[in-house]
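A.B. asks: what follows is a protein structure lacking sequence information:
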């Protein structure tokens, strides 16, 4: 099972319509428990793109901590 990207920073950004913590839409969050792994992987790919668009340097910072 594909794990949720939730990091317990649950705040919806009214401007973007995305959660400030996990970069999912409210529909993606609400439907997560009822979808299959391939759909979850598609959402995770969208989350990665959104995170990169939001702060391109963030992925570099996360790798620095690994």
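C.D. replies: Received the coordinates, thanks. For clarity, every value in this text was computed on a predicted model and none was experimentally measured. Numbers count the residues shown, from 1 in each chain.

A.B. asks: where does pLDDT dip in this protein?
C.D. replies: Scanning the chain for pLDDT under 70 picks out 56-66.

A.B. asks: let's go with 90 and repeat that
C.D. replies: 54-66 (pLDDT under 90).

A.B. asks: ok, which stretches of it are strands?
C.D. replies: Assigned by DSSP state E, the chain shows strands spanning 12-13, 18-19.

A.B. asks: and those as a markdown table, adding mean neighbour count and distance to residue 29?
C.D. replies: From N, CA and C alone the C-beta is placed, and that goes for glycine too. As requested, the strands of the chain are exported to a markdown table (neighbours: other Cβ atoms under 10 Å; distance: least, Cβ to Cβ, whole Å):
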| stretch | mean neighbour count | distance to residue 29 |
| --- | --- | --- |
| strand 12-13 | 13 | 9 |
| strand 18-19 | 22 | 6 |
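
A.B. asks: make a markdown table out of these and add distance to residue 51.
C.D. replies: A markdown table is the format used below for the strands of the chain (distance: least, Cβ to Cβ, whole Å):
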| stretch | distance to residue 51 |
| --- | --- |
| strand 12-13 | 13 |
| strand 18-19 | 10 |
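
A.B. asks: nearest to residue 3, out of those?
C.D. replies: The closest of those to residue 3 is strand 18-19. By Cβ to Cβ, the value is 15.6 Å.
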